[in-house]
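Colleague: Please work out how this folds:
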Amino acid sequence: MSAPAGPLPLGVVADDITGAGDIGGLLAKHGYAVRIVAAEADWEVVASRLMEERTDALIIDTDSRLLAPHEAAARVRRATGALREAGIHTFWKKTCSVFRGNVGAEFDALLDELSEIRAVAVAAFPRNGRTTVHGQHFVRGLALPQTEFAHDPFHPRLDADLVRDLGRQTPHGVVGLALEAIRAGPEALTAELARLRDQGCRYILADAETQSDLQALARALAGARVFLGSSALAEELPPLWPPVAPLNPPDVSKVRHPRRAVLVAGSVMPQTRAQIAAFRASNGIEFVLDPEQALLAPAAAVNTLVRQACAVLLSDRPVLIRTPNESSDVVAVRAHGRALGLDAGEVSRRLSGVLAEAGAEAARRGASGRLIALGGDTSAALTRALGIAHTQVLRELEPGLPLTYAPDQRLLLVLKSGSFGSPDFLALALQALQQPISEHADQ
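Modeller: Next up is the predicted model:
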């Protein structure tokens, strides 16, 4: 299927801030002007204003992954309407690449708002180890229930069968698109898609194991109005769409103190733990939040971390503040929370809030204009604490991990999913925060 004359501007509805950046970075690789509207912003007003500037892709973060399904659906419908009113042509409902969250409710909400009958969904993200084969989802070769995502406190992923999993979340039919059809050539794939559509199911959930599989899907779907799922197809669709004009990067020369960076880590994912260990091994300075103090006396916990962090920042060095992240630490913190009448989710939210407030205040007092957040909840809380309404994606650092700029606050940000990134990612991110963006405008 050939692309229409004008698939752009593209509008994306993401259920969390790191997912918004994930797809934004992939689009920015192709020279797109990508802007992200924060969950706390007035979506209609900010979206309309940003569309007055060069905007090839506009992303709204609904921060709806942890909401009740009906609340998430309402946010998605509102965000979709705001994008449509702003002049968006093509829509993408961005989800987690292991389908955490209110996936069915949010898919239904976007299609209902657009009066669309059906769409193809792709969860796989091979470059980050997420693959789908015969509907079964794997992470780095392990079936989904055998991974760290089985222990997610909000959405434990206990079923590898994504067709069945999505079917439980929607009253509409779900059918799988098998790997064999995707690899059988363009004509066979087109015929199989037509056959599946004729079955009347609303959702066709596609397998994908390699980047070549994604390329085949992109060629077959390039003219669609709606895309669903992970960000991975965003790497393959732009070459099939009309090219965009060269983009002039924003002036970031007024961002303060290139060596003063605040790193805020609230994720307990193994990838984040490895990244913190690498930072520590390179003589990085870190301070650990006292979780009991954070739950009982949050203001005191914030003040302690801010005082410690500022002493490092004022010596022109980066500093990392984090929650305890070993398995035994998590068990102990949750037990303490239960003693206070708090479930695991509420404990996580409170700790993320305290950590983010400390990071934002340390940046203000320590005159730092460069921040890194590790973890989706932490990134969302930090964005709120900094009062950010929108950002521009500058470039991708690693798959799914972008460098962004908040022009109103003159802040450079790396907001990272806890489960993404190489062990040395923090060194790469710190280097990117220090270097003038103009040097990378063509990358």
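
Colleague: measure stretch 83-94 end to end?
Modeller: 14 Å (Cα to Cα, to the nearest Å).

Colleague: what about the helices in the stretch 301-443 of the chain?
Modeller: Taking DSSP state H, counting those that start in this stretch, the helices of the stretch 301-443 of the chain run over residues 327-339, 344-365, 376-386, 425-434.

Colleague: JSON lines for the ones you listed, including distance to residue 37 and mean pLDDT?
Modeller: All C-beta spots, glycine's among them, are computed from the backbone N, C-alpha and C. Shown next, in JSON lines, are these (distance: least, Cβ to Cβ, whole Å; pLDDT from 0 to 100):
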{"stretch": "helix 327-339", "distance to residue 37": "33", "mean pLDDT": "91"}
{"stretch": "helix 344-365", "distance to residue 37": "19", "mean pLDDT": "95"}
{"stretch": "helix 376-386", "distance to residue 37": "11", "mean pLDDT": "97"}
{"stretch": "helix 425-434", "distance to residue 37": "23", "mean pLDDT": "96"}
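
Colleague: just these: most buried one?
Modeller: Among those, helix 376-386 has the highest mean neighbour count (mean count of other Cβ atoms under 10 Å), at a mean of 26.

Colleague: That helix to helix 344-365, inter-axis angle?
Modeller: Orientation check (axes from the mean of the first three to the mean of the last three Cα atoms, to 10 degrees): helix 376-386 against helix 344-365 gives 40 degrees.

Colleague: and residue 93, how many neighbours?
Modeller: By other Cβ atoms under 10 Å, the residues close to residue 93 number 26.

Colleague: in what helix or strand does it lie?
Modeller: Residue 93 belongs to strand 90-94 when elements are defined using DSSP states H and E.

Colleague: And that strand, what does it pack against?
Modeller: Identification of packing neighbours for strand 90-94 by 3 or more Cβ pairs under 8 Å, 6 or more residues apart in numbering; DSSP states H and E yields strand 10-14, helix 17-28, helix 69-85, helix 103-114, strand 226-229.

Colleague: who wins for proximity to residue 392 among these?
Modeller: With Cβ to Cβ, the closest approach to residue 392 among these belongs to helix 17-28: 8.9 Å.

Colleague: Who are the packing partners of the closest one?
Modeller: Packing contacts for helix 17-28, counted by 3+ Cβ pairs under 8 Å, 6+ apart, involve strand 10-14, strand 34-37, strand 57-61, strand 90-94, helix 376-386, strand 390-398, strand 401-406, strand 411-416.

Colleague: picking that back up, in CSV, list the helices and strands packed on strand 90-94 along with distance to residue 151 and mean pLDDT.
Modeller: Shown next, in CSV, are the helices and strands packed on strand 90-94 (distance: least, Cβ to Cβ, whole Å; pLDDT from 0 to 100):
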stretch, distance to residue 151, mean pLDDT
strand 10-14, 23, 99
helix 17-28, 19, 97
helix 69-85, 22, 99
helix 103-114, 19, 99
strand 226-229, 23, 99
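
Colleague: Quick one, which of the ones you listed gets closest to residue 386.
Modeller: With respect to residue 386, and counting by Cβ to Cβ, the nearest of these is helix 17-28 at 11.5 Å.

Colleague: Just the buried positions in the closest one, please.
Modeller: The neighbour-count check on helix 17-28 (16 or more other Cβ atoms under 10 Å) flags 17, 18, 19, 20, 21, 22, 23, 24, 25, 26, 27, 28 as buried.

Colleague: Please apply the same query to stretch 187-204.
Modeller: Buried positions in stretch 187-204, judged by neighbour count with 16+ other Cβ under 10 Å: 189, 192, 193, 196, 201, 202, 203, 204.

Colleague: One more: stretch 383-398?
Modeller: Residues of stretch 383-398 classed as buried: 383-386, 388-398 (neighbour count, 16+ other Cβ under 10 Å).

Colleague: Next: stretch 97-111.
Modeller: Result for stretch 97-111 [16+ other Cβ under 10 Å]: buried residues 97-111.

Colleague: Show the contacting residues for the residue lying closest to residue 365 once chain neighbours are set aside.
Modeller: Counting by Cβ to Cβ, 6 or more residues apart in numbering, residue 310 is the residue found nearest to residue 365 once chain neighbours are left out, at 5.1 Å. Residues near residue 310 by Cβ atoms under 8 Å, 6 or more residues apart in numbering: 362, 365, 366.

Colleague: Go ahead and confirm the last one touches residue 314.
Modeller: Yes - A contact is recorded between residue 366 and residue 314 when judged using Cβ atoms under 8 Å, the distance being 6.1 Å.

Colleague: ok, residues contacting stretch 339-347?
Modeller: Applying Cβ under 8 Å, 6+ apart, the set of residues contacting stretch 339-347 from outside is 66, 153, 154, 291, 295, 296, 333, 334, 336, 337, 350.

Colleague: got it, and stretch 349-361?
Modeller: Under Cβ under 8 Å, 6+ apart, the answer for stretch 349-361 is 262, 264-266, 289, 291, 294-295, 298, 301-302, 305-306, 309, 321-323, 333, 342, 371, 373, 375, 377-378, 380-382, 384-386.
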